[in-house]
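Participant: I'd like to go over a predicted model; first the sequence, then the structure.
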Amino acid sequence: MDNEMNPLRDLWQKTKPVSPSPVSVAALQQKAKAHKRSSILFQYSNIVILFSFAVIIYLYLGVWFPYSTIIGKTGVWLMTGSMMLRVAIEWLSILRAKRIRPDAQLLESTNTALDYYRFRKRIHGPVTFLIVAVYTAGFYMLMPEFTSHVPTWLSLLVMISYPLGAMVLIWQIRKGIKKEIRELKELADLQDAIVKNQDMI
Amino acid sequence: MSAPQPIQFDSIYEQYHDMVFQVCTGFLKGDREMAADLTQDVFINTWNAYSSYRGDASHKTWIYRITVNTCLQHLRKQKNRTNVGTEALGDRPDEEKPGDAHFTDLYQAIGQLNELDRLIIMMVLEEIDYPEISQIVGISEGNLRVRIHRIKQKLKKLLDHG
């Protein structure tokens, strides 16, 4: 051990703070269990919402209001399929997040977290926009058949309100991307700081 | 080297609580209240990772790995929440500062280091061996020595001019 550090170490040992009495093990375990539960709930809630939405779309547009034309049927499948693809991506994302181990070496866990956020950047960026585009294409493919069954004002209202909804969705996605890009940058900086000078040794 | 024997979570908690708290306090520039919360987060992560302890490192190294990862994750979360840099000890009200002048000087100096250097110096001050620290961070011992030398020079300068 480096002797030059002794004065600092002595100063630290003399003045370091006294630890407050810890919470009981039982209370900590209870908190840990609650934390695990809420984390699982948070991770899987997206999947449950998206999957339920896909099922509702399929039941509503494919069963209750069966589209008979090829273009209408294709529209239903594109909408349901794009939602299911999103579900699969979210699932994959959870599996990748699980690879980030809090007990791994710092460099290893930083690299794994970087891989995860690079993956998130890809799926939040081009892949999600592609999914939104396919879903939108599917939606407008329903319109010819839809307009023949409902009054014109209603089909117009549906067609006009869709882009507004899509804009809100895109704004939400962009917000998510910005947050995750910040995380990505932080992790890249940390990785730089860890490996800095490594080559010089 | 034989693998460490698994021990009960209770004894890990009891044995390492103070050590984790000291590192968290230094990392958070002397904020003891937040350090107590962060210490709890460390042990929540420890509890969650407990079943997957592989025995490839001593319990102490393992706990330090979790501490270092949790501290840095906490900082990232905080930055994301506030979207600003971390606050300096000097920004806190006086009554929350520890009373001892040396203590405050040391924390202020440590607080001016970057987050990784702050964690490394806390482990050095807690008398963790260099091979163990290099195991925790994941860098070579040679690189670690160079880095510690630089941190020490920076700290000395900060304390002399403080």
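Facilitator: Done, it's in.

Participant: Output the below-cut-off pLDDT ranges for chain A.
Facilitator: Residues of chain A that meet the criterion pLDDT under 70 lie in A:1-4, A:197-201.

Participant: swap in chain B?
Facilitator: B:1-7, B:82-103, B:162.

Participant: Phi and psi next, for the residue in chain B that chain A sits nearest to.
Facilitator: Across chain B, the shortest distance to chain A (CB to the nearest CB) belongs to B:Gly138, at 3.0 Å. (Each C-beta comes from the backbone N, C-alpha and C, glycine too.) In terms of degrees, to the nearest 10, the main-chain angles of B:Gly138 are phi 90, psi 30.

Participant: That one reaches A:Gln105, doesn't it?
Facilitator: Yes - between B:Gly138 and A:Gln105 there is a contact under CB atoms under 8 Å: 3.4 Å.

Participant: Pull the contacting residues for the most centrally placed residue in chain B.
Facilitator: What sits nearest the mean C-alpha location of chain B, by CA atoms, centre = their mean, is B:Val23, with 3.5 Å. For B:Val23, the contact set (CB atoms under 8 Å, 6 or more residues apart in numbering or on different chains) comprises B:Tyr64, B:Thr67, B:Cys71, B:Leu119, B:Met122, B:Met123, B:Glu126.

Participant: can you rerun that using 7 Å?
Facilitator: Applying CB atoms under 7 Å, 6 or more residues apart in numbering or on different chains to B:Val23 gives the contacts B:Thr67, B:Met122, B:Met123, B:Glu126.

Participant: Just give me the neighbour total for the third one.
Facilitator: Using other CB atoms under 10 Å in any protein chain shown, B:Met123 has 23 other residues around it.

Participant: Which elements pack onto the host helix or strand of it?
Facilitator: Secondary structure assignment for B:Met123, by DSSP states H and E: helix B:115-125. Helix B:115-125 is packed against helix A:6-15, helix A:152-195, helix B:9-27, helix B:59-82, helix B:130-137, helix B:141-161, with contacts defined by 3 or more CB pairs under 7 Å, 6 or more residues apart in numbering or on different chains; DSSP states H and E.

Participant: mind giving me a markdown table with the ones you listed and columns for distance to A:Val76?
Facilitator: Formatted as a markdown table, the helices and strands packed on helix B:115-125 follow (distance: least, CB to CB, whole Å):
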| stretch | distance to A:Val76 |
| --- | --- |
| helix A:6-15 | 67 |
| helix A:152-195 | 15 |
| helix B:9-27 | 52 |
| helix B:59-82 | 39 |
| helix B:130-137 | 54 |
| helix B:141-161 | 58 |
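
Participant: Okay then, goodbye and thanks.
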